[in-house]
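Undergrad: Okay, here's the prediction I keep looking at, along with the sequence it came from:
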Amino acid sequence: MPEPGRHGHSRGRAADREYEPGCALHRRLHAAFAPADLVAVGEIRHRLRAALSRWGVPELADTAELLTSELVTNALLHTGEGAVLEAVLTPEQRLRIEVQDGTTRLPGRRAPAEWATSGRGLLLVESLADDWGVHLRGDGKVTWFELGAA
């Protein structure tokens, strides 16, 4: 019998099938983050890179990791809430990453000073994503971006 993994997934043959590149239903990645759990940002980067490789689109990994880190970090630092990430690769080879948090406060662009070490997250998302946006929900918001495979 497979043993449960850290995030409720089983380790074993069923987990291997979870990411079969040929099946659109299995090209999903889900993660939940506790408030201020910034260590988990590094973990999701590794999980996302591995999933994109299994899904046959490793060329998306660098940009997807960077933008995912920005959205998850923003959600954890600026909302005081946890966050939920959903990543899906569509049959059209389009990656959509959504980060949900529990506040309706919209993210804002900042004009960071030249030597500032933060404040560029949304600028990066806007520059590197094929599309992005924010959807308000009754229980918070979803910030998302999309990347297309070449």
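TA: Received the coordinates, thanks. Numbering: from 1, shown residues only.

Undergrad: what comes up buried for stretch 69-85?
TA: 69-76, 79, 81-85 (16 or more other C-beta atoms under 10 Å). From N, CA and C alone the C-beta is placed, and that goes for glycine too.

Undergrad: Reformat the residues you listed as TSV; add secondary structure and pLDDT.
TA: Rendered in TSV, the data for these read as follows (DSSP: H, G, I helix; E, B strand; the rest coil; pLDDT from 0 to 100):
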residue	secondary structure	pLDDT
69	helix	94
70	helix	92
71	helix	93
72	helix	94
73	helix	91
74	helix	88
75	helix	90
76	helix	90
79	helix	82
81	coil	84
82	coil	91
83	strand	94
84	strand	96
85	strand	97
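
Undergrad: Enumerate every residue touching the closest residue to residue 92 other than its chain neighbours.
TA: Nearest non-adjacent residue to residue 92, counting by C-beta to C-beta, 6 or more residues apart in numbering: residue 148, 7.9 Å away. Shown here is residue 148, whose contacts under the criterion C-beta atoms under 8 Å, 6 or more residues apart in numbering are 92, 93, 94, 95, 130.

Undergrad: if you set the cut-off to 10 Å instead, what comes out?
TA: Listed by C-beta atoms under 10 Å, 6 or more residues apart in numbering, the contact set of residue 148 reads 57, 60, 90, 92, 93, 94, 95, 129, 130, 131.

Undergrad: how far away is it from residue 47?
TA: Residue 148 sits 21 Å away from residue 47, taking C-beta to C-beta, to the nearest Å as the criterion.

Undergrad: just residue 29 next, same as before
TA: Applying C-beta to C-beta to residue 29 and residue 47 gives a distance of 6 Å.

Undergrad: Neighbour count: the two, which is higher?
TA: Neighbours per residue (other C-beta atoms under 10 Å) separate residue 29 from residue 47, with residue 29 holding more: 23 against 18.
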